[in-house]
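[1] no sequence on hand, only this structure:
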């Protein structure tokens with residue numbers, strides 16, 4: 001295959017992947033589509049990390065097969081899921097992770113009035129202070145030994161520790 005042939009194949013595969021990610025996350029008036037923010041560009045690289053180099057190669061080959069008999073991205077995604085369910089599940093995770101960490105999607109979520117701390121969530125989730133009147137378990141469980149009653153355990157019988 002010539003270099004031009006490889007470029008053409010890569011361009012077709014990228015276009016097919018864009019159709020699939022848009023079928024999975026098409027976007028609407030509030031949210032961009034997955035392809036519009038470039039999710040397709042991260043999929044292959046992230047799949048290599050998640051399932052190994054052959055996983056990304058398998059996905060691209062399976063997509064070629066899926067698109068051979070599919071009129072659109074949604075049909076191809078369904079064919080891919082039926083033919084390679086584990087690989088499709090990995091693809092779905094990568095697409096979701098990539099999409100929901102994108103700044104424009106985070107902004108759209110926040111615009112809906114939700115607290116949304118993006119990765120690595122330096123602030124965690126906003127929580128109300130602990131209130132013993134409402135937050136203590138109804139039926140206490142477990143036990144503890146007060147510090148002044150803690151005693152050393154005799155380890156002399158455990159020869160393998162020396």
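    Alright, I've got the coordinates. Keep in mind that what you see is a predicted model, and the values were worked out from it rather than measured. Numbers count the residues shown, from 1 in each chain.
[2] so, low pLDDT: which residues of the protein?
    Scanning the chain for pLDDT under 70 picks out 1-8, 118-127, 162.
[3] work out which residue lies at the spatial centre of it.
    residue 97 (3.4 Å; C-alpha atoms, centre = their mean).
[4] on the three-state scheme, it is what?
    Using DSSP: H, G, I helix; E, B strand; the rest coil as the criterion, the local structure at residue 97 reads helix.
[5] who's in contact with stretch 36-48?
    For stretch 36-48, contacts defined as C-beta atoms under 8 Å, 6 or more residues apart in numbering pick out 14, 17-18, 20-22, 25, 27, 34, 55-56, 59-60, 90-91, 94-95, 97-99, 102, 104-105. From N, CA and C alone the C-beta is placed, and that goes for glycine too.
[6] filter the residues you listed down to the ones in helices?
    Filtering those for membership in helices, criterion DSSP state H, returns 14, 17-18, 20-22, 55-56, 59-60, 90-91, 94-95, 97-99, 104-105.
[7] buried members of these into ChimeraX, please.
    A single ChimeraX command is used to select the members of the ones in helices among the contacts of stretch 36-48 judged buried by 16 or more other C-beta atoms under 10 Å:
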select :14,17,18,20,21,22,55,56,59,60,90,91,94,95,98,99,105
